[in-house]
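Asks: Below is the sequence, then the predicted model.
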Amino acid sequence: MARSKRRGPKNTGSGQSRQDKDDRTDLIEKSDMDNERFKAYYRAQNLVSEEEWEVFYDALKQHLPTTFRVAGSRQVAHTLNQTIKDVHVPSLSDVVFEDQKIPPPVQIEWYPDGLAWHFNVPKKILRKSPEFKKFHSFLVFETEVGNISRQEAVSMLPPLFLDVEPHHRVMDMCAAPGSKTAQLLEALHAQDSVTATSTPTGLLIANDSDHKRTHLLIHQSARLPSPALIVTNLDASIYPTIKIDAPPGPNGEKRTQQLLFDRILCDVPCSGDGTMRKNMGIWKNWQPMDGNGLHALQVRILQRAMKLLKPKGRIVYSTCSLNPVENEAVLATALKANPEFHLVDVSSKLSTLKRRPGLTIWRPAVDRSVNMDFGTYQEFKNSQHLKDNPNSKLTESHWPPQDVERFDLPRSMRIYPHLQDTGGFFVAVLERRALPEAVSKKREASYSGDLPQTKKLRLEEEADEAEPSVAPKTDTEIDADADADAEVYLVDDVTATANSEEVDGASTTMSASAQGKGKRGMKNSETNGGGAFKEHPYTFLAPTDPILLHCIERLSLNSDFPSSNVLVRNPAGDAVRSLYLANALVKSVVENNDYTRIRLSAAGTKVFSKQDGGKAASAPGGETQFRILGEGLPVILPFVDPATIITADLAVLKVLVQSYYPLVSSFAEPFRSAVDARAFGSHVVRFLPGELDGVALTHDILLPIWKSNVSLTLMMDKKAKSALSLRLFGEDITTAGRDLAQKQAAPTSGSATPALPAKVDDYQASEMVIQESHLLDAMDDS
Ligand SMILES: C[S@@+](CC[C@H](N)C(=O)[O-])C[C@H]1O[C@@H](n2cnc3c(N)ncnc32)[C@H](O)[C@@H]1O
């Protein structure tokens, strides 16, 4: 959604605290949910028939149901979904609150495999009904660990239409805060199992021009650690060319080629009026010029995506706006300029999704008073209105083109709130035609050495050669822009999104080049907060690096471990603290590009970390210890020698969940001897399916532990531990959970004593507790 600072609702996405939510100033009475300009504008656009208008308008005023998606790998998701169906739904089916029967959650009909749910229960009931309170805790904890994603139903659509596969090269151009990025990552990792992640051969670049929001994106994506993920912080409308390795030249010389994408998501900044049911401030502030002002940026982002796409590739363009100027008008302009693209008929996909076809007739409003007098741009151009308002930024592109029929705009999809009780949304799927055979052959020849090696081929230019495009900027021009901007990035404290300018009264985004040149009265009220771009460099360790070899040996990784794909991020390029794993394609991107120009915020995923603090940091012999990170384990697991994995049962898991540092001697055999025989440091335990006191573990769970001299620690952060406890034992039996329950039961009793004393061995407890924070807030931006 658009991030207007001047008006409209504050983005209520991730990062907002409960306190903030309670303090919301955009919550308004139903009687105030009315806006004459909105009515006049959209009635005239004929979004729905006259008879349907009232139902449509009334639906915008209704409380939006809570929706969530069961995330994670396919198997984990199905297991958790079954728990919701078999345990939670039955327990919520007979809830009566203040004499009213409260309906349980139901599955969203159109979402594949029934993995998305919605329920409409007021907050008061979530807080007071014991059954819903329990369900709510379950949702909060599972969201925390990444198994559930709270996301608006309609916001789940774009990734579904993108059809991502594990080998795809995927770009999410406007990705923060990242709910759709998470879906795309899941699709890349579709081959993951319950216990281990696959390493996709493709990659996902998640980009956002807002520096702070990019970091939110990194944080969110830690829930699905992936060696295939890159995060960048760039203006998508001038996204630079990314280079990767090409097959070597005839004499073995190194060559590069442009990275072109199979799939691109353009979930562009927009006026966001489809989110009115959630962002109620829009009722007060809506005016038609918001969409007019964003149109040009939306076109530029879509056209840049078109330039970055492979032949036969697919783009999904989406907004949470109802405005045709931000939707069909953008498509028509971009399709006209790029005739090698067409809209795909996706009417048979998600067949139960109720949708309306894209419009072919619309009229922009030319001022705030919703003046819609001009049916064509020509009329507007010759009008007295334009003579009186010579600074109007409205262009031909805001109106339907004369040959509108040729773009198949009805193939795009409009989702209205009254159709299936959701927010409003717009989605379109675009495809690029395949290259003519002659060009494909020429390209292949270029890599097998048939062409002079001096002819460094730009694949993008070849595609253009085959199918001349009338795009407004060439790649070379865009590259030149980006080059010019690179210097600016390093000296100016600015971000693209943060610096809004007024275009016909609308808040919109300046291009990075406009920012750099200090054009047009830039407001700099919100900056990237971090000054110049200050990310550390990325250095791949040599496979012979002693610390890397030490990690491989101590953690018993097999020879398949891609030790040449391990990178570190510090000025010296040494393995001092954290080690990250990237797949081959991510490595190729990192190694072939200039990061004074490309603001690279993250690459790959953190897998090992130095064990911190005092004596715990080094083994009794004094050697430095690295540990497998909890979130890194699924990535590393395929390479861990199975013989080194310790097996245990549910009883062991219960003790490890209940207390921080149980003594090795407190465990029953055979686990005690198995652990006793192990060295000081990081190990992996496989908890086998079984039953304990009526609790069933239905599939293997693999978790990292740390063994010190006499005790063990489960290496999970507190919240992940609580989520596991709730899922397995139906209650939070962790020390933190018990403390909290005690405090809640006796709020005035002062210091709460844990029901089970935590056993602390000779190494300091504080050194052993891992404080890997996760964002509490769910990702609920659309
Ligand atoms: C609709 S939101 C994206 C929501 C996101 N796709 C999700 O599902 O969580 C639009 C995003 O575009 C970003 N943005 C605005 N202008 C941009 C630009 N020129 N280039 C890249 N990102 C931009 C904003 O910071 C915002 O995060």
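Replies: Now that the structure is in, tell me what you want to look at. Numbering: from 1, shown residues only.
Asks: Distance-wise, check the residue nearest the centre of the chain relative to the ligand.
Replies: The centre of the chain sits closest to Gly178, judged by Cα atoms, centre = their mean, with a distance of 2.3 Å. Relative to the ligand, Gly178 is positioned 5 Å away (Cβ to the nearest ligand atom, to the nearest Å). In this view, the C-beta of every residue, glycine as well, is placed from N, C-alpha and C.
Asks: which residues sit against stretch 720-737?
Replies: Applying Cβ atoms under 8 Å, 6 or more residues apart in numbering, the set of residues contacting stretch 720-737 from outside is 80, 83, 137-138, 141-142, 144-145, 147, 630, 650, 653-654, 657-660, 695, 697, 701, 714, 716, 718, 738, 740-741, 754, 756, 758, 774.
Asks: Would you check that the residue nearest to the centre of the chain makes contact with Leu216?
Replies: Yes - with contact defined as Cβ atoms under 8 Å, Gly178 reaches Leu216; the gap is 6.8 Å.
Asks: Which among the contacts of stretch 720-737 count as buried?
Replies: The neighbour count (16 or more other Cβ atoms under 10 Å) marks 80, 83, 137-138, 141-142, 144-145, 147, 630, 650, 653-654, 657-660, 697, 701, 714, 716, 718, 738, 774 as buried among these.
Asks: what's the neighbour count on the residue lying closest to Ile28 once chain neighbours are set aside?
Replies: Distances taken as Cβ to Cβ, 6 or more residues apart in numbering place Met280 nearest to Ile28, at 5.0 Å, with adjacent residues excluded. The local packing of Met280 (other Cβ atoms under 10 Å) involves 20 other residues.
Asks: right, and Met280 touches Lys30 too?
Replies: No - the criterion here is Cβ under 8 Å, and Met280 misses it with Lys30 at 9.8 Å.
Asks: Low-confidence stretches in the stretch 651-782 of the chain?
Replies: For the stretch 651-782 of the chain, the stretches with pLDDT under 70 are 746-782.
Asks: What segments of it are helices?
Replies: All helices of the stretch 651-782 of the chain, identified by DSSP state H, counting those that start in this stretch, fall at 671-676, 718-729, 735-745, 765-768.
Asks: Phe426 belongs to a helix?
Replies: No - Phe426: not assigned to a helix; according to DSSP: H, G, I helix; E, B strand; the rest coil it is strand.
Asks: Quick check, Leu224 in contact with His189.
Replies: Yes - in this structure, Leu224 is within contact of His189 by Cβ under 8 Å, at 6.7 Å.
Asks: and the stretch 201-350 of the chain, which of its residues are near the ligand?
Replies: The stretch 201-350 of the chain comes close to the ligand at residues Asn207, Asp208, Ser209, Asp210, Arg213, Asp235, Ala236, Ser237, Asp267, Pro269, Leu297, as judged by Cβ under 6 Å from any ligand atom.
Asks: Please name the nearest non-neighbouring residue to the fifth one.
Replies: Counting by Cβ to Cβ, 6+ apart, Ala176 is the residue found nearest to Arg213 once chain neighbours are left out, at 3.4 Å.
Asks: With the second one instead?
Replies: Using Cβ to Cβ, 6+ apart and skipping residues adjacent in sequence, the residue nearest Asp208 is Ala176, 3.8 Å away.
Asks: Work out for me the element the closest residue to Ser237 other than its chain neighbours sits within.
Replies: Closest residue in space to Ser237, ignoring its immediate chain neighbours: Arg300 at 3.6 Å, by Cβ to Cβ, 6+ apart. Using DSSP states H and E, Arg300 sits within helix 289-308.
Asks: Restrict that helix to CA atoms and write it as PDB.
Replies: Only the C-alpha atoms of helix 289-308 are listed here, as PDB (Å, rounded to 0.1, in the frame of the first residue of the first chain):
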ATOM      1  CA  MET A 289      -5.500  12.400  -6.900                       C
ATOM      2  CA  ASP A 290      -3.700   9.800  -4.800                       C
ATOM      3  CA  GLY A 291      -3.900   7.300  -7.600                       C
ATOM      4  CA  ASN A 292      -3.100   9.800 -10.300                       C
ATOM      5  CA  GLY A 293       0.100  10.700  -8.500                       C
ATOM      6  CA  LEU A 294       1.300   7.100  -8.200                       C
ATOM      7  CA  HIS A 295       0.400   6.000 -11.700                       C
ATOM      8  CA  ALA A 296       3.800   7.100 -13.300                       C
ATOM      9  CA  LEU A 297       5.900   5.200 -10.700                       C
ATOM     10  CA  GLN A 298       3.700   2.100 -11.000                       C
ATOM     11  CA  VAL A 299       4.200   2.200 -14.800                       C
ATOM     12  CA  ARG A 300       8.000   2.600 -14.400                       C
ATOM     13  CA  ILE A 301       8.200  -0.300 -11.900                       C
ATOM     14  CA  LEU A 302       6.200  -2.600 -14.200                       C
ATOM     15  CA  GLN A 303       8.200  -1.600 -17.300                       C
ATOM     16  CA  ARG A 304      11.400  -2.200 -15.500                       C
ATOM     17  CA  ALA A 305      10.200  -5.600 -14.500                       C
ATOM     18  CA  MET A 306       9.400  -6.300 -18.100                       C
ATOM     19  CA  LYS A 307      13.000  -5.500 -19.000                       C
ATOM     20  CA  LEU A 308      14.300  -7.900 -16.400                       C
END
